[in-house]
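**Student:** here is a sequence with its predicted model. Questions after.
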Amino acid sequence: MARYTGPTTRIARKFGEPIYGPDKTFEKRNTPPGQHGLAAKRKKQKEYGTQLKEKQKVKYMYGLLERQFRNTYDKAARMKGQTGVNLLFLLESRLDNIVYRMGIAPTRAAARQLVLHRHISLNGSICNVPSVLVKPGETVAVRERSKSLEVIQNSVAAATKYSWIEFDAKELTGKFLNVPAREEIPESINEQLIVDLYSK
């Protein structure tokens with residue numbers, strides 16, 4: 001399966017929540033997509049379906065393909081601590097997600113594109129791999145020649161601040177201070193359902 005590049009509101013309606021951020025279209029029509037949308041909403045879901053839906057939701061949210069997501073889960077399972085929480089920490093440490101959290105890009109998909117197009121540097125070196133895991137203390141910045149890009153300027157002006165990230169809006173440079181605590185991650189995710197799914 002290729003990476004999804006279609007309408008994001010359709011996916012948000014599928015999961016019943018605005019997983020890509022504020023969405024005016026979703027607010028108007030928050031039923032599942034398709035002509036049987038309302039009927040699908042009333043249909044009772046089994047345990048496996050609930051677990052699969054949660055996994056798919058997180059995959060779409062962070063923009064990963066199935067193999068990438070499974071590899072990330074396997075890595076989380078090998079780490080000390082709770083597998084579900086470790087999974088979220090690994091996803092939050094991805095370079096494209098850090099760029100999004102800093103407010104350099106309005107969405108994770110836009111952050112991924114900025115990284116791929118070599119607009120972002122990691123510790124002073126150009127990095128065009130969105131999946132690179134940023135370690136606490138490392139610096140992420142916008143390249144000098146890319147600082148005037150309209151998409152970056154508009155995004156920084158409307159950015160949300162997070163306690164685990166230090167960001168200088170003038171220099172467009174930030175530091176990943178530490179991995180966020182589980183309760184600090186604002187998205188509505190039930191990671192235990194994903195663990196239960198992969199544990200079968």
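**Tutor:** Happy to help now that I have it.
**Student:** how about the strands in the chain?
**Tutor:** With DSSP state E as the criterion, the chain has strands at 120-122, 125-126, 139-142, 165-168, 173-176.
**Student:** tell me the strands beside the last one, with direction?
**Tutor:** The sheet places strand 173-176 alongside strand 139-142 (antiparallel), strand 165-168 (antiparallel), with pairing taken from DSSP bridges.
**Student:** run through who's touching that strand.
**Tutor:** Here strand 173-176 makes contact (CB atoms under 8 Å, 6 or more residues apart in numbering) with 93, 98, 102, 104, 134-142, 164-168. C-beta coordinates here come from the backbone N, C-alpha and C atoms, glycine included.
**Student:** now for the residue nearest to Arg108 when sequence neighbours are not counted: which residues touch it?
**Tutor:** Spatial nearest neighbour of Arg108, excluding adjacent residues (CB to CB, 6 or more residues apart in numbering): Tyr100 at 4.8 Å. Tyr100 makes contact with 107-108, 110-111, according to CB under 8 Å, 6+ apart.
**Student:** just the buried residues out of the contacts of strand 173-176, in PyMOL syntax.
**Tutor:** In PyMOL syntax, the buried subset of the contacts of strand 173-176 is picked out as below (16 or more other CB atoms under 10 Å):
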select buried, resi 93+98+102+104+134+138+140+141+142+164+165+167
